[in-house]
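In: would you be able to build a 3D model of this:
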Amino acid sequence: MLCPSCNTPNRDDAKFCKKCGHPFRAEPANTLIAGQQANTAPAGGEAPLEPAAAATASAASPEPTVATQTSQASTNDHEQAQGVNDVSQAPTLILTPEQMMAYHSRRWQQEVEREQAATDIADMPTLMSTPSPADSQAEQAQDIADMPTVLDTPPASEADPTAPSPSPAAGDEGDLQATSSGKEQVDETSAVDTSNVAHDTTEEEASESMQPSSEQPETTEPATDFSTLAVGATVVGRYEVTQIVSESEQEHVYQVIDHEGYQRCWNCASEQNAQGDEFCMSCGAELLNAPYTMHEYPATANSQADAHVLHGTIINTFVDQGHTYVIEQQQVAQNAFPEGVYLEATSKSDAGDVRRSEPNEDSTLVLMLQRVHESISQPVGVFIVADGLGGHDNGQVASHMTIALIAERMARELLVDPLASEKAGEPAKPFDEDAYVALLKSAVEDANTALCQVNERDKTDMGSTITGFMTAGDHAYIINVGDSRTYMLRGGQLYKLTNDHSLVEQLVAGGLIEPDDVYTHPQRSQIFRSLGDKLNVQIDIFKQQLHPGDIMLSCSDGLWEMVRNPQIESILNTVPDPQTACAQLIEAANANGGEDNVSAVVVFVR
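Out: Below is the predicted model of the structure:
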């Protein structure tokens, strides 16, 4: 299916666009308004689409769905219960820290045993055994020059594979050296001529010969080649180092980003995404640049070192160039709003330069209820832009009724009733996510019903588009009917969160016109949905999590048709507060032509 926002092909079962993250669902073919009574707005107005135009756009892409993000957990308990003989040859597994360390302990021990079994005794460090008195007497009966050198080698089970072995000092008496040919010979300083008789060796002398000389150079520890990776380095072509967190002889810790985040969504653990997807098709989360913690361990580990304890979720383990790597996702990030969510909001509306002498048919709503309990801010806000249809007086009345009815319902449910319950000593009605969504949708449906009833009674055709959002905690619940829009600025980038229910948007989705044509197409004012048109109007509503620093913008088509997205993004990135943002956006719309009423609601999330 084609994304109605960016025209990118997606899989048929996708819930979100892989390119821009736009939510959508497959809509039944009969959802487009067919057989609807044709209405045409006066100059500057908008009107529902005629049946012929609806048929023309019937091949357009599906429209957004009601989508809520869910948190999922992906585990590999079954695979762990069955065991994996060789984790390095198995696919990516989620192992507990204990399982990972147990596996590598076994692997290191096996490597040491194989090395000791394959090593020639002449190549091993020289360790002289301490002779007993009986041994000394037996050695006196033989020619020392003809005796093979006896080395006491500790068994593999007792040897410490990680402890460095002492290297003999050249020139010390009694020390034995191995030649390059692999044969052993006595050092010339301790060689005895065959004509002479070897002297008696006592236990004391033998023990003294084992002591290192005071002039012997210090033993150098073997190089381990466990250097720290540089920032910007990439491991296995996937994990890029962005920060060095800590480093020691036993472990290096980095912060990395995963360039193949599509393999496993960091938010919902979905593995259904494909290479090139920028957003998860299941939950809409951005798949690129998600941060992880990477632990790097050397090829050999000190058995006396403390065990590694990881507090997050291990999502990948692998071995590269002899080093072991563990990719960890932190269980719970630090609360983004430790003192609650603080909102700064304002709205502004202008008739526009071209229609300055006519009534402004736009209406806006900024309703913010904020209570602070135990130093935690718990705001609930409703932010709406309504663009009236039907021409002049009718459009003005329609948008005004829409805003008034929604404000009355929200104030009663969210403020008046809870305060009355508290006053009476009764518990207030609890609100969860489903309750907020139901309330918002019901309020919009009430406004639509009221407009339909007035149209039937007075034989009018007034209506209104509506867009906006309701904030509760760290989430926003976004609504849309018509071609007004809601945007979000995050990380300096502008995202369009709503889908226009218009003819030109359907033509773009079907590939019949270019995206930029929506600004100039002669039928750009024809829309499929509006409040007041029919009782069972379909309302787009979905959830968006908020982050500190986000900026939310809802606006009428008079703004986004005059101010293109790059300019909106530039303005929101430079303004210090919502008031300045609204003023500059409306000023830009009028400077670019001001052909229609211009309205904006801007909310800063702190």
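
In: C-alpha from now on. contacts and neighbour counts both.
Out: Will do.

In: now for the top helix by length along the chain, which elements pack on it?
Out: In the chain, with assignment by DSSP state H, the single longest helix is helix 433-458. With contacts taken as 3 or more CA pairs under 8 Å, 6 or more residues apart in numbering; DSSP states H and E, helix 433-458 sits against helix 392-411, strand 463-472.

In: restricting to C-alpha, output stretch 464-474 in PDB.
Out: The C-alpha coordinates for stretch 464-474 follow below in PDB (Å, rounded to 0.1, in the frame of the first residue of the first chain):
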ATOM      1  CA  SER A 464     -16.400  22.600  10.000                       C
ATOM      2  CA  THR A 465     -13.100  20.800   9.800                       C
ATOM      3  CA  ILE A 466     -11.300  20.100  13.100                       C
ATOM      4  CA  THR A 467      -7.800  19.200  14.200                       C
ATOM      5  CA  GLY A 468      -6.000  19.200  17.500                       C
ATOM      6  CA  PHE A 469      -5.000  17.100  20.400                       C
ATOM      7  CA  MET A 470      -5.600  16.400  24.000                       C
ATOM      8  CA  THR A 471      -2.600  16.000  26.400                       C
ATOM      9  CA  ALA A 472      -2.700  13.800  29.500                       C
ATOM     10  CA  GLY A 473       0.500  13.000  31.200                       C
ATOM     11  CA  ASP A 474       3.300  12.400  28.700                       C
END
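
In: next, the residue nearest to Glu249 when sequence neighbours are not counted: phi, psi?
Out: Once flanking residues are discounted, Glu249 sits nearest to Phe226: 7.7 Å by CA to CA, 6 or more residues apart in numbering. Phe226 adopts backbone torsions of phi -120, psi 60, taken as degrees, to the nearest 10.

In: Phe226 contacts Pro298, doesn't it?
Out: Yes: taking CA atoms under 8 Å as the definition, Phe226 is a contact partner of Pro298 at 6.1 Å.

In: how many neighbouring residues does Ala420 have?
Out: Look at Ala420: counted by other CA atoms under 10 Å, it has 13 neighbours.

In: identify the residues contacting the helix or strand encompassing it?
Out: According to DSSP states H and E, Ala420 maps onto helix 417-423. Helix 417-423 is contacted by residues Pro427, Ala428, Lys429 when judged by CA atoms under 8 Å, 6 or more residues apart in numbering.

In: out of these, which one sits closest to Leu2?
Out: Nearest to Leu2 out of those is Lys429 (CA to CA; 42.0 Å).

In: now the closest one: how far from Leu440?
Out: Using CA to CA, to the nearest Å, Lys429 is found at 16 Å from Leu440.

In: ok, so of the contacts of helix 417-423, who is nearest Met410?
Out: Lys429 (13.7 Å).

In: how would you label the closest one: helix, strand or coil?
Out: Following DSSP: H, G, I helix; E, B strand; the rest coil, we place Lys429 in the coil state.

In: what's the distance between it and Ala420?
Out: 11 Å.

In: which regions of the stretch 1-150 of the chain sit below the pLDDT cut-off?
Out: 25-101, 103-104, 115-150 (pLDDT under 70).

In: again with the chain
Out: 25-101, 103-104, 115-224, 300-311, 330-334, 392.

In: and the longest strand along it, what's buried?
Out: Longest strand in the chain, counting residues (DSSP state E): strand 376-389. In terms of neighbour count (16 or more other CA atoms under 10 Å), strand 376-389 has its buried residues at 377-389.

In: ok, stretch 501-516 next?
Out: His501, Ser502, Leu503, Val504, Glu505, Gln506, Leu507, Val508, Ala509, Gly510, Gly511, Pro515.

In: most widely separated two among those?
Out: Largest separation among these by CA to CA: His501 and Gly511, giving 16.0 Å.

In: on that earlier part again, now the buried residues of stretch 501-516 in CSV, with distance to Gln109 and secondary structure?
Out: As requested, the buried residues of stretch 501-516 are exported to CSV (distance: CA to CA, whole Å; DSSP: H, G, I helix; E, B strand; the rest coil):
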residue, distance to Gln109, secondary structure
His501, 66, coil
Ser502, 69, strand
Leu503, 70, helix
Val504, 69, helix
Glu505, 65, helix
Gln506, 65, helix
Leu507, 66, helix
Val508, 64, helix
Ala509, 61, helix
Gly510, 63, coil
Gly511, 63, coil
Pro515, 63, helix
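
In: just these now: which is nearest Thr364?
Out: Nearest to Thr364 out of the buried residues of stretch 501-516 is His501 (CA to CA; 19.9 Å).

In: residue contacts, the closest one?
Out: Val481, Gly482, Asp483, Ile527, Phe528, Arg529.

In: re the thing from before, can you give me the angle the longest helix of the chain makes with strand 463-472?
Out: 160 degrees (axes from the mean of the first three to the mean of the last three CA atoms, to 10 degrees).

In: quick check: angle from helix 433-458 to helix 392-411?
Out: 150 degrees.

In: outline the domain layout of this protein.
Out: 29-58+340-605, 77-111+229-329 (automatic domain parsing).

In: and among the ones you listed, the most buried is which?
Out: Comparing the domains of the chain by mean neighbour count (mean count of other CA atoms under 10 Å), domain 29-58+340-605 comes out on top with a mean of 19.

In: quickly find the element holding the closest residue in space to Tyr254 that isn't next to it in sequence.
Out: With CA to CA, 6+ apart as the criterion, Tyr254 has its nearest non-adjacent residue at 4.5 Å, and that residue is Ile244. Counting by DSSP H and E, the element that carries Ile244 is strand 239-247.

In: one more: Ser270?
Out: Using DSSP H and E, Ser270 falls outside every helix and strand.

In: pretty sure it contacts Phe279?
Out: No: the criterion here is CA under 8 Å, and Ser270 misses it with Phe279 at 11.3 Å.

In: all helices of this structure, in order?
Out: 51-56, 77-82, 97-118, 133-140, 203-210, 392-411, 417-423, 433-458, 503-509, 557-560, 565-574, 578-591.

In: for Ile314, find the nearest of these.
Out: The closest of the helices of the chain to Ile314 is helix 97-118. By CA to CA, the value is 7.8 Å.

In: please convert the buried residues of stretch 501-516 to CSV, extending it with distance to Phe16.
Out: Output for the buried residues of stretch 501-516, formatted as CSV (distance: CA to CA, whole Å):
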residue, distance to Phe16
His501, 18
Ser502, 20
Leu503, 22
Val504, 21
Glu505, 18
Gln506, 18
Leu507, 20
Val508, 18
Ala509, 15
Gly510, 18
Gly511, 19
Pro515, 19
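
In: Asp596: which of those is nearest?
Out: Closest to Asp596, out of all of those and judged by CA to CA, is Ser502, at 16.9 Å.

In: who's in contact with that closest one?
Out: Gly482, Asp483, Arg524, Ser525, Gln526, Ile527, Phe528, Arg529.

In: nearest spatial neighbour of it, skipping sequence neighbours?
Out: Nearest to Ser502 is Ile527, by CA to CA, 6+ apart, at 3.9 Å.

In: that neighbour bridge partners, please.
Out: Pro48, Ser502 (DSSP bridges).
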